[in-house]
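Visitor: With the input below, show me the fold.
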Amino acid sequence: MMWTEVYREPGSDQGKSSDTLASTLVLLRQEDSKLVVIGDLHGAFEALQAILRGVGLVDGRQRWVGGTSHLVQIGDLFNRFDGGRACFEHLLGLREEARRCGGEVTLLLGNHEVLIAEGNEAYCTAGEYLSFATSRERAAWPRRVSRAWSRFFQRATPHKIIPPLSPRLEAWMAENAPGKEELRRAFGPRGRIGRELRRFPIAVRVGEVAVVHAGLPARWARRGVAGLNRSAVAGWAALDGKDLSGFRRSALGDPKGPLWNRRLATSNGRAVAKSLEATLSHLGAKRLVIGHTPTRQLHQGEPGKIVMRFKNRLACTDVGLRDGDPATWAALVVDRSRGCEWKPSGTRTLWRSRHRLD
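Guide: Residues are numbered from 1 along each chain as shown. Down below sits the predicted model:
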């Protein structure tokens, strides 16, 4: 048997939404369930759909067929690429389908969701803004871009030299794309996305595996999963109340906290190993799964490859998913005592546990 810690908003079992920031802990006992963890998506909607099909959670029409399986998306649905909103809506729909079948979909909070909510749009794309625009605005957009391209191409400097076109056009698109105000309202405390984000957990434990967006230092892990998620609630309250110092002290805003920390992914040595062991002990887990730091930046890491560290106690899953590039597609699948990396080309065993946590 596998015990799953699931965080649901009050009233969700009755199909009702709730504006409360509080979350409820539910324990489900599931037989022969598998855990699937998908790393940072950053709007890679095509990659998401392919992974869901590949690991057997959905059928060809993207309907849930995973039974009692538990899907965890590790955060950072948005930014960098254009499909964040599509990823968000698709996963919310699958969550309802999964629960009707006895399964679960847990969407963890990532730092990029918090960035947008606090007004930092440094990683937003023109396409991301457009996904919040009206259909009329989207239809008119290609013609507007074409006119801007013509202006930039024909506009010469006093020396009759036309500077590089691409950076100027990209800057114009980011500045002029419609949908910005709609995105900001959507991420606000009363917006559809904002209300959901404020109920997202930042940590979950499924059997022997704990999952969090970024590195989790022991000083935060000692709060346990429930305490971490309570700190997220406090962080949202501080952000919405414009209490900047309270926000920076919370799990959402602490630069060394569970949404931002890279130490476990990038550092080595006995002190880091001991910190990981303390973190696992506080969480009651044998392994920690994180995202946030691209695996291409890690020692012996590369795009599309999950990296295991510290004697397979830490799995780094930000594999750099990109639409149109199946080589970057990968997900973690934990089935009973075996942890595997799924890729379109096949599976790779990452670990085998001697004893399953029942």
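Visitor: which residues of this structure fall in helices?
Guide: Under the criterion DSSP state H, helices of the chain are mapped to 45-54, 84-100, 111-117, 126-130, 135-154, 165-176, 180-187, 192-197, 218-221, 224-240, 244-249, 263-266, 270-283.
Visitor: Residues contacting the second one, please?
Guide: So the one you mean is helix 84-100. Contacts with helix 84-100, where a contact means Cβ atoms under 8 Å, 6 or more residues apart in numbering, come from 41-45, 48-49, 52, 57-58, 62-64, 66, 69, 71, 73, 77-78, 104-105, 107, 128, 131-132, 193, 196. Where C-beta positions appear, they are placed from N, C-alpha and C, glycine not excepted.
Visitor: Report the angle between it and helix 180-187.
Guide: Counting by axes from the mean of the first three to the mean of the last three Cα atoms, to 10 degrees, helix 84-100 points 30 degrees away from the direction of helix 180-187.
Visitor: in helix 84-100, what's buried?
Guide: For helix 84-100, the buried set under the neighbour-count rule, 16 or more other Cβ atoms under 10 Å, comprises 84-88, 90-91, 94-95, 97-99.
Visitor: to the chain's geometric centre, what's the distance from stretch 210-222?
Guide: Averaging C-alpha coordinates over stretch 210-222 and over its chain gives two centres that are 15 Å apart (Cα atoms, centre = their mean, to the nearest Å).
Visitor: Grab the nearest non-local neighbour of the residue nearest the centre of the chain.
Guide: Nearest to the geometric centre of the chain sits Gly75, at 1.5 Å (Cα atoms, centre = their mean). If the residues on either side of it in the chain are set aside, Gly75 comes closest to Gly110, at 2.5 Å by Cβ to Cβ, 6 or more residues apart in numbering.
Visitor: cool, and Arg198?
Guide: Counting by Cβ to Cβ, 6+ apart, Arg198 lies nearest to Trp236, which is 4.7 Å off, once chain neighbours are set aside.
Visitor: Now do the one you found: how many residues are near it, please.
Guide: As a burial measure, Trp236 scores 23 neighbours (other Cβ atoms under 10 Å).
Visitor: now do Leu283
Guide: Neighbourhood size, Leu283 [other Cβ under 10 Å]: 26.
Visitor: ok, it to Arg205 distance?
Guide: Remark: distance between Leu283 and Arg205 (Cβ to Cβ, to the nearest Å) = 6 Å.
Visitor: least trustworthy helix or strand in this structure by mean pLDDT?
Guide: Taking mean pLDDT, DSSP states H and E as the measure, the helices and strands of the chain show their lowest mean at strand 24-30, namely a mean of 43.
Visitor: pLDDT value on Asp76, please?
Guide: In the predicted model, Asp76 carries a pLDDT score of 98.
Visitor: ok now do it, which residues does it touch?
Guide: Contacts of Asp76 by Cβ under 8 Å, 6+ apart are 40-42, 110-113, 213, 291-292, 318.
Visitor: Val55 contacts Ala331, correct?
Guide: Yes - A contact is recorded between Val55 and Ala331 when judged using Cβ atoms under 8 Å, the distance being 5.8 Å.
Visitor: Touching both of these two, which residues are there?
Guide: 36, 342.
Visitor: Same drill for those two, tell me which one is more crowded.
Guide: Here Val55 and Ala331 are compared on neighbour count by other Cβ under 10 Å; more neighbours surround Ala331, at 26 against 21.
Visitor: Hmm, the more buried one is touching Leu35, no?
Guide: No - at 10.5 Å, Ala331 does not count as touching Leu35 under the criterion of Cβ under 8 Å.
Visitor: Could you list the alpha-carbon positions for stretch 290-310 in PDB?
Guide: Below are the C-alpha coordinates for stretch 290-310, written out as PDB (Å, rounded to 0.1, in the frame of the first residue of the first chain):
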ATOM      1  CA  ILE A 290      13.100  18.800  -6.900                       C
ATOM      2  CA  GLY A 291      13.100  21.000 -10.000                       C
ATOM      3  CA  HIS A 292      14.000  24.600 -10.500                       C
ATOM      4  CA  THR A 293      17.700  24.100 -11.500                       C
ATOM      5  CA  PRO A 294      18.100  22.900 -15.100                       C
ATOM      6  CA  THR A 295      19.900  19.600 -15.300                       C
ATOM      7  CA  ARG A 296      22.000  20.900 -18.100                       C
ATOM      8  CA  GLN A 297      23.700  23.100 -15.500                       C
ATOM      9  CA  LEU A 298      24.600  20.200 -13.200                       C
ATOM     10  CA  HIS A 299      27.700  18.000 -13.200                       C
ATOM     11  CA  GLN A 300      27.300  15.300 -15.900                       C
ATOM     12  CA  GLY A 301      23.800  16.700 -16.600                       C
ATOM     13  CA  GLU A 302      22.300  17.300 -19.900                       C
ATOM     14  CA  PRO A 303      18.900  18.500 -21.300                       C
ATOM     15  CA  GLY A 304      16.200  15.800 -21.200                       C
ATOM     16  CA  LYS A 305      18.000  13.800 -18.500                       C
ATOM     17  CA  ILE A 306      17.000  13.400 -14.800                       C
ATOM     18  CA  VAL A 307      20.100  13.700 -12.600                       C
ATOM     19  CA  MET A 308      20.400  11.600  -9.400                       C
ATOM     20  CA  ARG A 309      22.600  12.900  -6.600                       C
ATOM     21  CA  PHE A 310      23.800  11.900  -3.100                       C
END
